[in-house]
Every structure is written in C-alpha cells, then in structure tokens.
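A.B. asks: Provided below are the primary sequence and the corresponding predicted coordinates.
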Amino acid sequence: MNIQIASIDNVDDICLMYQELFEYIAALQPEYYKKSESNREFIKSIIMGEKADFLVSVNDGAVMGFAFVEEEKTPSYNCLVCHKYAYLSDIMVRNSFRGKGIGTALLKAVKQWAEDRGLEYLELNVLSNNVSAIRMYEREKFRNTNQTMRCKL
C-alpha cells in the first residue's frame, strides 16, 4: 500500500468514494444528510490548489481510500489563541477494503502532512453515532475538545 497526494488521475475514484461516503452518512443521520453526487470541480480545485490536499491510499493501481485535509488558522477573535492547524474534512475507505488498517495509515499520513507544513495540531469533526470512526480517532490520541448540540424546534 502506498499513500500519496492525489493527482487529476484520481478524480473519478475520489468522486465514487464521496458518493459512498454520502450514502453512509445519510444512513447514519438521515434528518441532516442525504445521498448526493460529488462535486468534480471542487475536487479538481483542491488537487490543483496549495492549502489543501487529497491523500489517496493505492495498492496495485486501485485507490482504496482518501483523506481530505486543509490548512487552517483560528479566527481572529480577541479571546482565542492564534494557531495554524490542519483540519481533516473527510476520510473514507471503500467498504471492500475496511478493517485492513487503511484508515489508520491515511490518518498517520495526514498527521505527517500537517507536521511537514509546520502546523500545530490536527482537528476533525465526526458524527456522534459513527462509532467505528470514533474508536479509530481515540486510538490515534484524538480527544473531544468541544461538542455540537442541536435542539429540534
């Protein structure tokens, strides 16, 4: 298995995996998420840009998973300590490749990506009922620092 920064050649695979991801999160929280097509132009813009990347896990030419990571800065509020950090927007491993350590390998590659850029920490959000993802993040030393709560009206 090789983890590398995605190229334009990976757009179709990333699009397919996003559709699988959208279906998965729609099943977890259908009141907030729905199945959807992926945005090819957005994916291309990230691949061509400089402040974010898709990392892909490839084995024998097959793309098994991806991680979408962005460079961020804390907002300039007086009460916040300024930080430059990495934000893991999405991570996805195809169903047929799950349970083989690919998600963990992608997460480690994202951490290295952030360290190489001199960023201070890695942040992410996860659906509260995505238990398998939460377990992986906790194994990788992520800790809850804030919580989003909703009240239906």
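C.D. replies: Happy to help now that I have it.

A.B. asks: what is the mean pLDDT for the longest strand seen in the chain?
C.D. replies: Ordering each strand of the chain by length in residues (DSSP state E) puts strand 62-73 first. Mean pLDDT, computed over strand 62-73, is 97.

A.B. asks: could you do stretch 39-58 as well?
C.D. replies: 97.

A.B. asks: ok, how many other residues are close to Tyr33?
C.D. replies: Using other C-beta atoms under 10 Å, Tyr33 has 16 neighbouring residues. In short, each C-beta sits where N, CA and C put it, glycine included.

A.B. asks: list the buried ones in stretch 134-142?
C.D. replies: 136-137, 142 (16 or more other C-beta atoms under 10 Å).

A.B. asks: sec struct for the residue nearest to the spatial centre of the chain, please.
C.D. replies: Nearest residue to the geometric centre of the chain (C-alpha atoms, centre = their mean): Asp90, 2.2 Å. The three-state label given to Asp90 by DSSP: H, G, I helix; E, B strand; the rest coil is strand.

A.B. asks: identify the spatial nearest neighbour of it, chain neighbours not counted.
C.D. replies: Phe68 (4.3 Å; C-beta to C-beta, 6 or more residues apart in numbering).

A.B. asks: also Glu37?
C.D. replies: Gln19 is the one closest to Glu37 (C-beta to C-beta, 6+ apart), at 6.8 Å.
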